[in-house]
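Chemist: Sequence first, predicted coordinates after that:
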Protein chains: 4
Amino acid sequence: MTMDEEKKARRSIGARRNPASAEAILEAAEAVLAEGGHAGFSIEAVARRARAGKPTIYRWWPSKAALLLDVYQRQKRFAYPDTGTVEEDISAFLSALLANWRDTASGAIFRSVIAEAQSDETAAKALSTYAADRRAQTGKMIERAKARGEVAADADPTTIADLVSSFAWSRLLTGRLDTGEKELKTVARIIAQGMKEQGIKEKGGA
Amino acid sequence: MTMDEEKKARRSIGARRNPASAEAILEAAEAVLAEGGHAGFSIEAVARRARAGKPTIYRWWPSKAALLLDVYQRQKRFAYPDTGTVEEDISAFLSALLANWRDTASGAIFRSVIAEAQSDETAAKALSTYAADRRAQTGKMIERAKARGEVAADADPTTIADLVSSFAWSRLLTGRLDTGEKELKTVARIIAQGMKEQGIKEKGGA
Amino acid sequence: MTMDEEKKARRSIGARRNPASAEAILEAAEAVLAEGGHAGFSIEAVARRARAGKPTIYRWWPSKAALLLDVYQRQKRFAYPDTGTVEEDISAFLSALLANWRDTASGAIFRSVIAEAQSDETAAKALSTYAADRRAQTGKMIERAKARGEVAADADPTTIADLVSSFAWSRLLTGRLDTGEKELKTVARIIAQGMKEQGIKEKGGA
Amino acid sequence: MTMDEEKKARRSIGARRNPASAEAILEAAEAVLAEGGHAGFSIEAVARRARAGKPTIYRWWPSKAALLLDVYQRQKRFAYPDTGTVEEDISAFLSALLANWRDTASGAIFRSVIAEAQSDETAAKALSTYAADRRAQTGKMIERAKARGEVAADADPTTIADLVSSFAWSRLLTGRLDTGEKELKTVARIIAQGMKEQGIKEKGGA
DNA sequence: GGGTAATCGAGACGGTACGTCGTGTCTTTCC
DNA sequence: GGAAAGACACGACGTACCGTCTCGATTACCC
């Protein structure tokens, strides 16, 4: 079936987008990225692998960044942990995130998105939006903690979330995804500890 | 002077590196980056602008990233603060770093370095070495705090330094260098607070 | 017209070779060779002059020599003589060949081809193929003579053809294309005479 | 001894040419040519192999061609055969010449000289002189035959010699030095036979 | 139900940049 | 002043992709 569909070159299905081609291109892009990393990722390589014409790609994705983003969107997300304490939540979150990046193509893909965003305006905007959304999601962990009274009332959840994901980004971008559980726990503990007294210090410091 | 010196093509000054060429190449690299951004930055363009041969560049800088890093370090003039408390040290450090990235070309340059490192293996290595060095430098702030008894004895200075610089990287890479002083202070406080109790928790957790 | 046609950059005309590009490249190659000689002949220079991309040249001509050979064959307009006797055929052939080399650019071009073949393997192959083809063509003169009974039945036409063209090559390579008709006739006579008795001797020698 | 002399870098021996360097350069040039052919032959490669500085080479040999010619001159020549009949003389000469080119570095060297002569004026002149000298030498074989009455009185020895060596050149330049004895004998026979009747035909043809 | 229009794979096109090699010139240091 | 050493500006090498194009075949939609 898959064979019948993909063995022979896909053809036009009339004056409209062929979903099979779109699918094949996204899959090929993911595979190319997983195998060769950002360095080996080129429209040519994707077209070759997808047995698609370059113009077909350019028709639907105006830039490398657009394709990259679409590929990243296809990646499925893992669930946010809810362990009962914010420290363990953070630790589990970091552990799951790094493992996901390490064990699937997501890591390579996200690295590419970030890299692309440094020179491509569209990618930058998309990444910015995406990151803000993630921070909001991650912030919910903090808000839960706040509701439990684990965290100072005036601590900003998104700033804390930012701190957590910054750490993960940094490990991704410098190829240190094999961070041990112990270090992750240390980081989680620092952040969790730091949040507690937040309010008191704020008053005193101002 | 500059004219007289640079008008005619530089020549070899014997079997050793010509500092004038090195200087011209770094200057040209900076200029090319400033004008065309990361996208327009190529060894060819730098060579053209510096009136240098490509092999001269490749002789001294094995990769695009190595050159970029040199340009970055050449431009960055940056003093590590020593205020007396680790919280203020971190806050001042972040504030100065982000301001430096925001107000000079060095932010754009460092973004390029990071982007480059995502596709080029030698670039990754160069960045890795550089980042480790920076962590060690930043770690000294933490060690000073430790000596003063501000920090739990078994807190790892480089992990803390990593957390601090991760935050800065993340702001750089997502174009949020205009972070307000207040937020920086918050971040500094969280980390500083978190470090205090580190030891106790570690014992309990182990 | 030529202006209108060539002023703007040629484009692809679909997934097939663009004859206009091929033509422009061959013309440019000829011009470059005429102006700079073998020393100044480079693929880069041809591409520049033809306003063609280097890959377009490499796509169709695997080596410098292949391009040179095409230029040579494009320019050489050359009819094999058929005078009725092999001696006069050879004499006329040599005379016409040397005159063609002397009076047009083709001599210089063919010199380049031979020179190129001494260092480039693919060039050597290209020349080898071409030379074998030429020997076969020239050999037809001998075969006609054989049919007329002018030549011993077991004389190998290609060996004879080789002897004839060797003489021409040697004159080309040592810049002695102004060989007088008389000497050419002498050479033709020796070879023609020598062929006659070939068979008898061969028997005796074996 | 050779070790002691060559192991350590040669030094200047004062304000005059160091014969050891000249020798080392010529030997290196020969070796490079033998190993890599004309393609691998470069002043750089020779300098590397001879452990000599490039300027030292340029000081004494103004061009690649000059060095090449010097290398060729160093090759020792084989003796001209004198078998008693011109046909066997020619056959033996061709056989020895091709074997020499095939079995020693001479072949590669001479190919290079010829190639170089196609673009370098100096080399062209030197080759021209050398070839004329060789023709004169080879011509002596013919003159001996003439004295024995084997050859028509008015046959020009150098033209015949030219025909013979042309054949050899052609085989060298097209990489066909493994020509069998039989074919060489055929060629020798044709030329020898052709010379006999030379005079008679000349009269008739004129 | 026949013409039009947009799609598809394919791959050539003019370009730019890659990283390497060789050129011939230069200068310094040592003899 | 010769020689080793090696840096220098230059420019060609052959390859990889870029983004654009034109092609011929293939439907779906609209008159």
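Modeler: Right, received. Where do you want to start?

Chemist: hmm, the top helix by length along chain A touching chain B?
Modeler: What stands out as the longest helix in chain A, according to DSSP state H, is helix A:121-148. Yes - part of helix A:121-148 sits near chain B under the criterion C-beta under 8 Å from any C-beta of the partner chain, namely A:124, A:127, A:128, A:131. Heads up, the C-betas are built off the backbone N, CA and C, glycines and all.

Chemist: mean confidence score for the helix or strand just after that helix?
Modeler: For helix A:121-148, the following helix or strand on the C-terminal side (DSSP states H and E) is helix A:157-173. Averaged across helix A:157-173, pLDDT comes to 97.

Chemist: quick one, helix A:157-173 and helix B:121-148 angle?
Modeler: 130 degrees (axes from the mean of the first three to the mean of the last three C-alpha atoms, to 10 degrees).

Chemist: How far off centre is the next helix or strand along the chain from helix A:157-173?
Modeler: Next helix or strand after helix A:157-173 toward the C-terminus (DSSP H and E): helix A:181-196. Mean C-alpha position of helix A:181-196 versus that of the full chain (C-alpha atoms, centre = their mean, to the nearest Å) differs by 22 Å.

Chemist: which residues touch helix A:181-196?
Modeler: Contacts with helix A:181-196, where a contact means C-beta atoms under 8 Å, 6 or more residues apart in numbering or on different chains, come from A:85-88, A:90-91, A:94-95, A:98, A:142, A:145, A:150-152, A:155, A:160, A:163-164, A:167, B:155-156, B:159-160, B:163, B:189-198, B:201-202, B:205.

Chemist: Report the buried members of those residues.
Modeler: Among those, the ones that count as buried by 16 or more other C-beta atoms under 10 Å in any protein chain shown are A:86-88, A:90-91, A:94-95, A:98, A:142, A:145, A:150-152, A:155, A:160, A:163-164, A:167, B:155, B:159-160, B:163, B:189-198, B:201-202.

Chemist: in stretch A:27-44, what counts as buried?
Modeler: Applying 16+ other C-beta under 10 Å to stretch A:27-44 flags A:27, A:28, A:29, A:30, A:31, A:32, A:33, A:34, A:37, A:38, A:41, A:43 as buried.

Chemist: Is there any residue in that stretch that contacts chain B?
Modeler: Yes - for stretch A:27-44, a contact with chain B is found by C-beta under 8 Å from any C-beta, at A:37, A:38, A:39, A:41.

Chemist: Can you tell me which of those residues is nearest chain D?
Modeler: residue A:39 (31.4 Å; C-beta to the nearest C-beta).

Chemist: so how far is stretch A:40-56 from its chain's centroid?
Modeler: Stretch A:40-56 has its C-alpha centroid displaced from the chain centroid by 23 Å (C-alpha atoms, centre = their mean).

Chemist: right, and the helix or strand after the worst-scoring helix or strand of chain A on mean pLDDT?
Modeler: Taking mean pLDDT, DSSP states H and E as the measure, helix A:2-7 is the helix or strand of chain A with the lowest mean score, a mean of 40. Per DSSP H and E, helix A:2-7 leads on to helix A:19-40 as the next helix or strand towards the C-terminus.

Chemist: what comes up buried for the following helix or strand past that next one?
Modeler: As assigned by DSSP H and E, the chain's next helix or strand after helix A:19-40 is helix A:43-50. Buried residues in helix A:43-50, defined by neighbour count with 16+ other C-beta under 10 Å: A:43, A:45, A:46, A:47, A:49, A:50.

Chemist: Show me what helix A:43-50 packs onto, helices and strands only.
Modeler: Helices and strands touching helix A:43-50, by 3 or more C-beta pairs under 8 Å, 6 or more residues apart in numbering or on different chains; DSSP states H and E, are helix A:19-40, helix A:54-60, helix A:64-74.

Chemist: what residues are up against the residue nearest in space to the middle of chain A?
Modeler: Geometric centre of chain A, nearest residue: residue A:110, 5.2 Å, by C-alpha atoms, centre = their mean. By C-beta under 8 Å, 6+ apart, residue A:110 lies in contact with A:72, A:101, A:172.

Chemist: Quick check: chain neighbours aside, which residue is closest to the first one?
Modeler: Closest residue in space to residue A:72, ignoring its immediate chain neighbours: residue A:109 at 5.0 Å, by C-beta to C-beta, 6 or more residues apart in numbering or on different chains.

Chemist: Specify the local secondary structure of that neighbour.
Modeler: Following DSSP: H, G, I helix; E, B strand; the rest coil, residue A:109 is assigned to helix.

Chemist: Quick one, grab the pLDDT at it.
Modeler: Residue-level confidence at residue A:109 comes out at 95, pLDDT.

Chemist: Same check on residue A:10?
Modeler: As predicted, residue A:10 sits at a pLDDT of 84.

Chemist: So what's the residue count around it?
Modeler: 16 (other C-beta atoms under 10 Å in any protein chain shown).

Chemist: Let me see the contact set for the residue in chain A positioned nearest to chain C.
Modeler: Ranking the residues of chain A by distance to chain C (C-beta to the nearest C-beta) places residue A:53 first, at 9.4 Å. Going by C-beta under 8 Å, 6+ apart, residue A:53 touches residue A:47.

Chemist: how much space between it and DNA strand F?
Modeler: Distance, residue A:53 to DNA strand F, using C-beta to the nearest atom of the strand, to the nearest Å: 7 Å.

Chemist: What residues does chain A have near DNA strand E?
Modeler: Contact residues (C-beta under 7 Å from any atom of the strand) of chain A with DNA strand E: A:9-18, A:21-22, A:24, A:50-56, A:59-60.

Chemist: Pull out the buried residues from those.
Modeler: A:10, A:21, A:22, A:24, A:50, A:52, A:56.

Chemist: Just give me the closest of the residues you listed to chain B.
Modeler: Set against chain B, the nearest of these by C-beta to the nearest C-beta is residue A:50 (20.9 Å).

Chemist: Please verify my assumption that the closest one contacts residue A:30.
Modeler: No - Residue A:50 is beyond contact range of residue A:30, at 10.5 Å (criterion: C-beta atoms under 8 Å).

Chemist: Output the below-cut-off pLDDT ranges for chain A.
Modeler: Scanning chain A for pLDDT under 70 picks out A:1-9, A:197-206.

Chemist: Now the residue of it found nearest DNA strand F: phi and psi?
Modeler: Closest to DNA strand F within chain A is residue A:14: 2.5 Å, counting by C-beta to the nearest atom of the strand. Per-residue torsions, residue A:14: phi 100, psi -170 (degrees, to the nearest 10).

Chemist: Okay, residue A:169 and chain D: tell me how far apart.
Modeler: Look at residue A:169 and chain D: by C-beta to the nearest C-beta, to the nearest Å, they are 47 Å apart.

Chemist: who in chain A is up against DNA strand F?
Modeler: By C-beta under 7 Å from any atom of the strand, the part of chain A that sits against DNA strand F consists of A:11-16, A:40, A:42-45, A:53-55, A:58, A:63-64.

Chemist: swap the cut-off to 10 Å and go again
Modeler: Contact residues, chain A versus DNA strand F (C-beta under 10 Å from any atom of the strand): A:9-16, A:18, A:32, A:36, A:39-48, A:53-59, A:61-65, A:67, A:120.

Chemist: rewinding a little: may I see the buried residues of helix A:43-50 organised as CSV, with distance to residue A:184 added?
Modeler: Listed next are those as CSV, based on distance: C-beta to C-beta, whole Å:
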residue, distance to residue A:184
A:43, 37
A:45, 35
A:46, 35
A:47, 40
A:49, 36
A:50, 37
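
Chemist: what's the closest of the residues you listed to DNA strand E?
Modeler: Of the buried residues of helix A:43-50, the one sitting nearest to DNA strand E (C-beta to the nearest atom of the strand) turns out to be residue A:50, at 6.6 Å.

Chemist: sorry, back to before: with respect to residue A:136, which of the residues of stretch A:27-44 next to chain B is nearest?
Modeler: residue A:38 (27.2 Å; C-beta to C-beta).

Chemist: from memory that closest one sits against residue A:113, does it?
Modeler: No - using C-beta under 8 Å, residue A:38 makes no contact with residue A:113, being 9.3 Å away.

Chemist: This completes my enquiry, with thanks.
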